[in-house]
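[1] structure here, sequence nowhere to be found:
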């Protein structure tokens, strides 16, 4: 007998450490059947770590997990799934080339005389699709790649239901959905909890949190802050709990007016298929922070400036000259540098030694048959060791393969790469993601030193304290547009209002009060 | 705030020697063991003349392997090398047409054909996005057909002495050892050039970067397409050189280069190159090619029937790659 | 009648799940007819020539089906050509022209093939050796053992065994029926069995498959065994036509590289996870049509090879040229 008073899933005093960070510190929470429980918090607050512990993808260092009153120890997500706890990640675990039915019952195909029983497979798929209300929308025989993101999500939920899940965990389920799709999802979640399921979801978007959730738990910096019924709190109260910390983090001082110099980058009405009417000015000596939710066009802005996916209309002026940055190579020639968000996929060369990683861009400017210096350039033969000292990379040697360095040190290597090619325009996309606190502070310091030496910096970050603490000006993006600009020291609430874009009048008001 | 890390130069000389020893590619040790093995069976092989002969025989494969490595480190394959070697031999006999005066421009034409083949391979891979395995396989079939078509099926004529000189000729007189094979001279020049390009110029580092992380390479300003094309062109040029050497050594034979492409890939892998790119050493790859030839020689000296060499080669390649895979899993 | 627009037809074809390679096959076939009508003798559509065209495709077709299995799993098999040689030689050596020894010989070569496939699969899945190198190595081992044991044609197959290569059932050559049977069985296995379904999953994403609880190693090993068994069947077909096996029959036929090319032209991705044997059949038939057309037109045999290479590249490029992910 499921008793609504008894939690179906409970974590007690969970602690999880990663090298250099405590991701979760003594966190407890109860999740009840028939309830929607939202877990909110900033990036790095520990939400994803908590979810991964619930499904056995991580093993906690301390504390215990109780499922239906019994302690559980999953070592593989499949075990959790079979026990009735399913998780849907932002990156779906579906095979795009296979059909809906094949995906849902992968490894559990019904058979008859040793062959897959197609009829039963379709029937059972239709059954679970019916449970998610998608039986008319999605055919069991449709290939997953032909479905929209929202439909794929429904397939993931259907897959979870096919395991008779009692707990369904969703990581940012609405991040990639359009408004009407969110409504469909909301209705579905309500239907699921009526059937007694416990739904846990992680989200950044407060409107949806309040539309969907019965209970809200706030995490901050890996610590439990509060749990409250959704009816008893307001969005602003939750925001305060999420971000309402004393700015205990150390940030370097902002630019003094006399340090800000000529215009280095000017974009007038820049557009491409992801960006609309971008107007942006970046001056020497200043850091312009870019805030915005995921999918707001932050990264696309960086890619447009750097020539990865250039503007297709509008005007780009670099240091007073009309420019057509059509490729990263052209951007580098214009002395631009881009520290990308995805360090592993776009920043480092894991199997190459440190010195080659640092020198790769400066060498790309030279002739292909030009002779290399092992640790520098012809004019600066000791460049690598100077930069390693300057950005404080901790490495046993200059020839260490970069894959063996920590995340923070890898990020410093990427930064050193752009310092080597004497950039004076830097774009940082999430410069401190996945980096421990110590290294964060020193990277912040280095970014400021760049502007003090006369460089212009555009810094994209989803960590609001970082944007606020670092930026001389803040540009907020929403839906591929710049939805507003705020001066240094703007509050997190101001930014959030512009970034959610729902209340544009309020946003304008906020700009006025801020200015 | 900064904790200064231990710089490499503070290590003692002995530590650095040990580290250096550990960093030596295992293939060199294998090569030395094979040479010792050969020496115990027949010491004349380790005398200058015998050793030079071994090198002379190994030269075509070593040269071809050098070119193949440029492609392998970018994450590709070049299967067309062997058939380009054959085409070179066939083409030489036809272009020279038994008149020694034609040799020099014929060689120029052959290099022109080679560069064209390399360009085509590179463009197909870079701009049509055809996987290199398929692109160069198509090229292999096309070149094989082209060679036979050119001769009408049966290669005619012979190769003039001044052409064959590169493969079988000797530089005489030569100080100390009386005579020195041209093939080894070519080998030394090609190896030195390849090692220089790979280790001392931007090219080598950029090819490694492209193979290691193509996206990051583009973002770092490397023109990935251009580099892939250069790699295929270099590979094709070495195939022409290998063909000239092989033609000189063995005469006109439409199958002169058959199977060489796979041997060259094997040799590069024995030298520690990783097939999906990003890792490889030019010296070790060339040493890998010599080791393969030394292995054949040793097996021959041991009286193993010629065909069984293939079997041993197969086992050794699998063993070497399995060992490398095991090692990389352990360090991860 | 307006329903018969071009885009309408295209969407219909797309819905019918006919692999796009059949469009290429159709184009090649129609051009063959046209070219033959203009420059040749206009006989390409005659029954005899069409039949010969298919018979010519049988040997490559059978092994290409097996190659499809391993390539769907994102692996590759370069040892098939040597295994075909081994099969041809061993079969004719064991049969020695005696019909009574046929069952024994057939059982023996299938056992060898199964073992070779098992070894390939184990090296790839357990030792984590790149499949290109692993199967190349195994192929060299086979080649070495074979060449050390046999130098030229050995033994012979009995007359009755040649039915496989030359016999007919009514008007239809048995060989064509064998190819059809292998294709249909393969298609059935791929679409109806859990193994087939898991093969696509492993090739599509090894990680997702493992998270779904699949034993990915077993799937990969079984795929290699299937591939080797089809190579054995091709070997038996080849020897039944040649009457006696020689150590070079597999490698001379270029069955390793051509089977890979046929699979890729047929629309199976080198990276695995999509495609199928029906597409491979079209890939093989394209080669058959080209060969026949070149014969009818009297194109030089060697020029044929050149065109063949170019067509392989163009056919694959027609899929890849728009893809965003760069190949290496």
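    Here it is on my side, so go on. Predicted, not measured: the structure shown is a model, and the values here were computed from it.
[2] from residue A:299, how far out is the spatially closest residue to residue A:429 that is not a sequence neighbour?
    Distances taken as C-beta to C-beta, 6 or more residues apart in numbering or on different chains place residue A:341 nearest to residue A:429, at 4.0 Å, with adjacent residues excluded. (Glycine included, C-beta is placed from N, CA and C.) Going from residue A:341 to residue A:299 by C-beta to C-beta, to the nearest Å gives 6 Å.
[3] residue C:42 now?
    61 Å.
[4] neighbour count winner among the two?
    When neighbours are counted by other C-beta atoms under 10 Å in any protein chain shown, residue A:299 comes out ahead of the other of residue C:42 and residue A:299, with 22 against 12.
[5] what about that one, which SS state?
    Three-state assignment for residue A:299 (DSSP: H, G, I helix; E, B strand; the rest coil): helix.
[6] center of the chain, which residue is that?
    Since no chain was named, I'll use chain A. Nearest to the mean C-alpha position of chain A, counting by C-alpha atoms, centre = their mean, stands residue A:294 at 6.7 Å.
[7] ah, no, chain C please
    Closest-to-mean residue, chain C, C-alpha atoms, centre = their mean: residue C:64 / 1.4 Å.
[8] what's the helix or strand for that residue?
    helix C:47-72 (DSSP states H and E).
[9] packing partners for whatever helix or strand comes next after that helix?
    Later in the chain than helix C:47-72, the nearest helix or strand by DSSP H and E is helix C:80-95. Under the contact criterion of 3 or more C-beta pairs under 8 Å, 6 or more residues apart in numbering or on different chains; DSSP states H and E, helix C:80-95 touches helix C:47-72, helix C:102-125, helix C:131-149, helix C:216-242, helix C:249-252, helix C:255-265.
[10] residues contacting residue 270?
    Let's take chain A. Counting by C-beta atoms under 8 Å, 6 or more residues apart in numbering or on different chains, residue A:270 touches A:277-280, A:304, A:311, A:313-316.
[11] not quite, go with chain C.
    Neighbour list for residue C:270: B:131, B:133-134, C:71, C:76, C:264, C:327 [criterion: C-beta under 8 Å, 6+ apart].
[12] 10 Å instead?
    Counting by C-beta atoms under 10 Å, 6 or more residues apart in numbering or on different chains, residue C:270 touches B:130-134, C:71, C:74, C:76, C:260, C:263-264, C:316, C:320, C:327.
[13] then residue B:117?
    B:78, B:80-81, B:83-84, B:87, B:136, B:139, B:142-143, B:146, B:232-233, B:235-237, B:239-240.
[14] got a ChimeraX select line for the buried ones in the residues you listed?
    Written as a ChimeraX command, the selection of buried residues from these, which uses 16 or more other C-beta atoms under 10 Å in any protein chain shown, is:
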select /B:78,80,81,83,84,87,136,139,142,143,146,232,233,235,236,237,239,240
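[15] in helices, which of the contacts of residue B:117 appear?
    Counting by DSSP state H, those place B:81, B:83-84, B:87, B:136, B:139, B:142-143, B:146, B:232-233, B:235-237, B:239-240 in helices.
[16] okay, who's weakest in the residues you listed by pLDDT?
    In terms of pLDDT, the lowest of the ones in helices among the contacts of residue B:117 is residue B:146, showing 89.
[17] ok, back up a step: which one of the ones in helices among the contacts of residue B:117 sits closest to chain A?
    Ranked by distance to chain A (C-beta to the nearest C-beta), the ones in helices among the contacts of residue B:117 are led by residue B:233 at 12.0 Å.
[18] and the pLDDT for the closest residue in space to the closest one that isn't next to it in sequence?
    Nearest residue to residue B:233 in three dimensions, chain neighbours excluded: residue B:118, at 3.5 Å (C-beta to C-beta, 6+ apart). Residue B:118 carries a pLDDT value of 97.
[19] so how far is chain C from residue A:310?
    Using C-beta to the nearest C-beta, to the nearest Å, one gets 16 Å for the distance from residue A:310 to chain C.
[20] and residue A:23, by the same measure?
    22 Å.
[21] with that, I have no additional questions.
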